[in-house]
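Asker: prediction below, plus the sequence it came from.
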Amino acid sequence: MTAEIINHTDNIITVKITGKLSYPQLIAIQNSAISIIRQQGNIRLLIIAENFKGWEKEGDWGDLTFQTENDAYIEKMAIVGEKQWEEMALMFSAKGFREFPIEYFQPDDLLKAQLWLKED
């Protein structure tokens with residue numbers, strides 16, 4: 001399992017997740033995103049879930065610290081992954097409860113997701 005920021009060009013942070021996501025990996029990604037936010041200001045997130053296997057059970061998955069402290073700096077989030085994970089990923093990302101739009105795209109629609117993130 002890996003979770004890493006693979007790019008942060010302009011104001012778009014691209015995160016790639018493969019396998020099963022662990023809570024420490026989530027925290028590491030969030031901390032890296034906070035650093036970029038402090039340097040660049042507002043961001044947009046592209047999450048690419050490739051060969052995703054879900055979330056590990058251990059960890060404080062209900063911790064909303066990142067969300068409450070940083071959502072004001074996030075303009076949009078696009079999640080790209082297999083159809084089977086769409087509902088869970090949108091629940092996990094709290095679509096509908098956050099102030100910015102979140103959309104889910106199939107792997108074949110990666111370009112569409114990137115273009116959507118660039119739109120105002």
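Answerer: Good, I have the coordinates.
Asker: mind checking the backbone torsions on residue 36?
Answerer: Main-chain torsions, residue 36, degrees, to the nearest 10: phi -70, psi -40.
Asker: for this protein, longest strand please?
Answerer: Ranked by residue count under DSSP state E, the longest strand found in the chain is strand 43-55.
Asker: may I have whichever helix or strand comes after that one exported as CSV, CA atoms only?
Answerer: Tracing the chain past strand 43-55, the next element assigned as helix or strand by DSSP states H and E is helix 65-70. Output in CSV follows, covering the C-alpha atoms of helix 65-70 (Å, rounded to 0.1, in the frame of the first residue of the first chain):
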residue,chain,number,x,y,z
THR,A,65,-9.1,18.2,12.5
PHE,A,66,-7.7,18.4,9.0
GLN,A,67,-11.2,19.2,7.6
THR,A,68,-12.1,21.9,10.2
GLU,A,69,-8.7,23.6,9.9
ASN,A,70,-8.1,23.4,6.2
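Asker: need the residues that contact helix 65-70.
Answerer: 30, 33-34, 37, 94, 98 (C-beta atoms under 8 Å, 6 or more residues apart in numbering). (C-beta placed from N, C-alpha, C; glycine too.)
Asker: next, the buried residues of it.
Answerer: residue 66 (16 or more other C-beta atoms under 10 Å).
Asker: packing partners of the next helix or strand after that helix?
Answerer: Next in sequence after helix 65-70, counting helices and strands by DSSP H and E, comes strand 74-80. Helices and strands touching strand 74-80, as assessed by 3 or more C-beta pairs under 8 Å, 6 or more residues apart in numbering; DSSP states H and E, comprise strand 43-55, strand 102-105, helix 110-118.
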